[in-house]
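Enquirer: test case, fold it:
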Amino acid sequence: MNAAQQTLSHSRATDRGFKSPHTAYPIAHKAEALFIAGMCIAVGILISHFTHRFGFSPRVIIPMHYPVMIAGVLLSPLYAALVGIMTPLLCSGFTGLPTTEQVLRMMPELATYGAVTSMMLRLFPVWGGFSEKWGRIFAIGFAMLIAMIIGRLVYIGFSIMTVGTQSFHYYAMIVVAPAARSIIVQLILIPPLAARLQKMI
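Expert: Numbers count the residues shown, from 1 in each chain. The predicted structure is shown next:
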């Protein structure tokens, strides 16, 4: 990044409420944020629809998680949480899946993924000791990992409160075990993709 690009990037970051030049890829806001949120929701609905249509298990593919995590990188915690809430709700309304019972548990889970990812990146925008590119990618991966842990705890908590017929261990195995490979894929694919998308904002 040359001096002119650094100056422009820092100016944009300052305009959007950031104080550190490490926030070289600031989050979207206003109309831009609404557009990105809408795109993330639409992508989540489409991926989920085709996952069901082609007979894949959503517990294994966890299709809605991808756009919600990306929203967490590109948007503020509020907008990212709204993407997490609206994606399963609208998907259920348009396609009938997930079911109403599943939606009630998925909305707080996905909202947590988006909001926590965004908040973590505000606290730790770039990891030190690496180039800016890799420091940003590692920061996104770390933020996602924390969001995944907290989001799954939220899902388990809501499952116990709404269903209440099984143990914490049962729901943990239902949520984590089938999706283990997809979790790894997310942690590999999403950080570099999201970092590249963030440069475009």
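
Enquirer: how about the helices of this structure, start to end?
Expert: 3-15, 30-53, 58-61, 65-74, 77-95, 100-123, 132-162, 168-176, 180-199 (DSSP state H).

Enquirer: show me what contacts the most centrally placed residue in the chain?
Expert: Of all residues in the chain, the one closest to the mean position by Cα atoms, centre = their mean is Met69, 1.5 Å from it. Contacts for Met69 were tallied using Cβ atoms under 8 Å, 6 or more residues apart in numbering; they are 113-114, 117, 144, 147, 186, 190, 194. No exception for glycine: its C-beta is placed from N, CA and C like everyone else's.

Enquirer: in CSV, list the C-alpha atoms belonging to stretch 136-146.
Expert: Extracted as CSV, the C-alpha positions of stretch 136-146 are listed here (Å, rounded to 0.1, in the frame of the first residue of the first chain):
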residue,chain,number,x,y,z
ARG,A,136,-5.8,-9.3,9.0
ILE,A,137,-6.6,-12.9,7.8
PHE,A,138,-5.5,-14.4,11.1
ALA,A,139,-7.5,-11.8,13.0
ILE,A,140,-10.7,-12.7,11.0
GLY,A,141,-10.1,-16.4,11.7
PHE,A,142,-9.6,-15.8,15.4
ALA,A,143,-12.8,-13.6,15.5
MET,A,144,-14.7,-16.3,13.7
LEU,A,145,-13.5,-19.0,16.1
ILE,A,146,-14.6,-17.1,19.2
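
Enquirer: from Gln166, how far out is the residue nearest to the centre of the chain?
Expert: 27 Å (Cβ to Cβ, to the nearest Å).

Enquirer: now tabulate the helices of the chain in a markdown table and tack on mean pLDDT.
Expert: Formatted as a markdown table, those follow (pLDDT from 0 to 100):
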| stretch | mean pLDDT |
| --- | --- |
| helix 3-15 | 45 |
| helix 30-53 | 93 |
| helix 58-61 | 78 |
| helix 65-74 | 96 |
| helix 77-95 | 96 |
| helix 100-123 | 95 |
| helix 132-162 | 93 |
| helix 168-176 | 75 |
| helix 180-199 | 93 |
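
Enquirer: tell me which of those helices sits most buried.
Expert: Among these, helix 65-74 has the highest mean neighbour count (mean count of other Cβ atoms under 10 Å), at a mean of 29.
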